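**Student:** coordinates for the following, if possible.
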Amino acid sequence: MSDQKVNILLVEDNPHHGELAMRALKMHNLAENFFWVKNGEDALDFLFCRGEFGLRKIENKPRVIFLDLKLPKKSGLDVLKEIRADERTKDIPVVMLTTSREEKDIVEGQNLGLNGYVVKPDDFEKFAEAIRNIGYYWLVLNQPPKR
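**Tutor:** All right, here's what the predicted structure looks like:
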């Protein structure tokens, strides 16, 4: 992956949830330029073009990041802090996709500049619908400022 554009960066360690998200996006033709990483450190390496993603160009930012809360190596909230702390990435929309309904997680995410907090539904149909709606909003309906 060098200078390829990415519309959606999915940061999800659960292979079942990642596959469901990918299938739901493909089902609704929203998976073009979709990339999936499985831990917080890989997400930051991808965004900041480090390690195995060193050939990427930081200017090719994802249009939206779907970020799990509980991740190996670095939590979703820690990833969000680093995204928001850097001038090059602070404006990327980030939507938390998680199983946590804890108020403290929601509040902390909002305080860090989270753009959305979505609790993952249990069954595939509802999960697919949630992913479709989020993807459709951020890739089709939302009008970001011109960079």
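**Student:** other residues contacting the strand or helix carrying residue 24?
**Tutor:** With elements taken from DSSP states H and E, the one containing residue 24 is helix 15-27. When contacts are taken as CB atoms under 8 Å, 6 or more residues apart in numbering, the neighbours of helix 15-27 outside the stretch itself are 8, 10, 12, 31, 34, 36, 38, 66, 68, 97, 120, 124, 127-129, 131-132, 135. Where you see a C-beta, it was placed from the backbone N, CA and C, and this is true even at glycine.
**Student:** now, of those residues, which are buried?
**Tutor:** By the neighbour-count criterion of 16 or more other CB atoms under 10 Å, the contacts of helix 15-27 include these buried positions: 8, 10, 12, 31, 34, 36, 38, 66, 68, 97, 120, 127-128, 131-132, 135.
**Student:** these two touch, right, residue 134 and residue 116?
**Tutor:** Yes. The pair residue 134 and residue 116 passes the contact test of CB atoms under 8 Å, sitting 7.0 Å apart.
**Student:** next, show the common contact partners of these two.
**Tutor:** Common contacts of residue 134 and residue 116, defined by CB under 8 Å, 6+ apart, comprise residue 95.
**Student:** and these two? which has more neighbours close in?
**Tutor:** Under the criterion of other CB atoms under 10 Å, the comparison of residue 134 against residue 116 puts residue 134 first, with 21 against 16.
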